[in-house]
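Asker: give me coordinates for this.
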Amino acid sequence: MKKAKIYIPNKSPMQSGYGKTDKWILEYETKNPTNNPLMGWESSTDTYSELRLEFSTKELAINYAKKKKIYFDLIEPKKRKTVKKSYADNFIK
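Answerer: Below you'll find the model as predicted:
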């Protein structure tokens, strides 16, 4: 049976905004990865590891996985805690 993970990707460090972080991704896990001795790359004969599906909602991704009988791990996004700061706070104390 195939195994996959369903998650929302984090924003990259080069990104200042949160664009392209609203889609849920279903990504298959690699079976039997091997290292290339010459270049040190990780490779596999499993072509499912190259497949990455995007869904607009979590429910659509879960329904797809259940319909195709894919065992999946759901990784919920963590909420960011923001602290409101003001420039004036540097001088108050």
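
Asker: how far away is residue 48 from residue 55?
Answerer: 17 Å (CB to CB, to the nearest Å). Glycine gets a C-beta too; all of them are placed from N, C-alpha and C.

Asker: same check on residue 9?
Answerer: 12 Å.

Asker: now residue 49
Answerer: Relative to residue 55, and taking CB to CB, residue 49 is found at 18 Å.

Asker: give me the most central residue, this protein.
Answerer: residue 9 (3.6 Å; CA atoms, centre = their mean).

Asker: who does the closest residue in space to residue 61 that isn't next to it in sequence bridge with?
Answerer: The shortest distance from residue 61 to any non-neighbouring residue, by CB to CB, 6 or more residues apart in numbering, is to residue 55 (4.1 Å). Judged by DSSP bridges, the bridge partners of residue 55 are residue 24.

Asker: touching, residue 55 and residue 72? I think so.
Answerer: No: using CB atoms under 8 Å, residue 55 makes no contact with residue 72, being 11.9 Å away.

Asker: what about these two, which has more around it?
Answerer: Between residue 55 and residue 72, residue 72 has the larger neighbour count (other CB atoms under 10 Å), namely 21 against 17.

Asker: for that one, give me phi and psi.
Answerer: phi -140, psi 150 (degrees, to the nearest 10).
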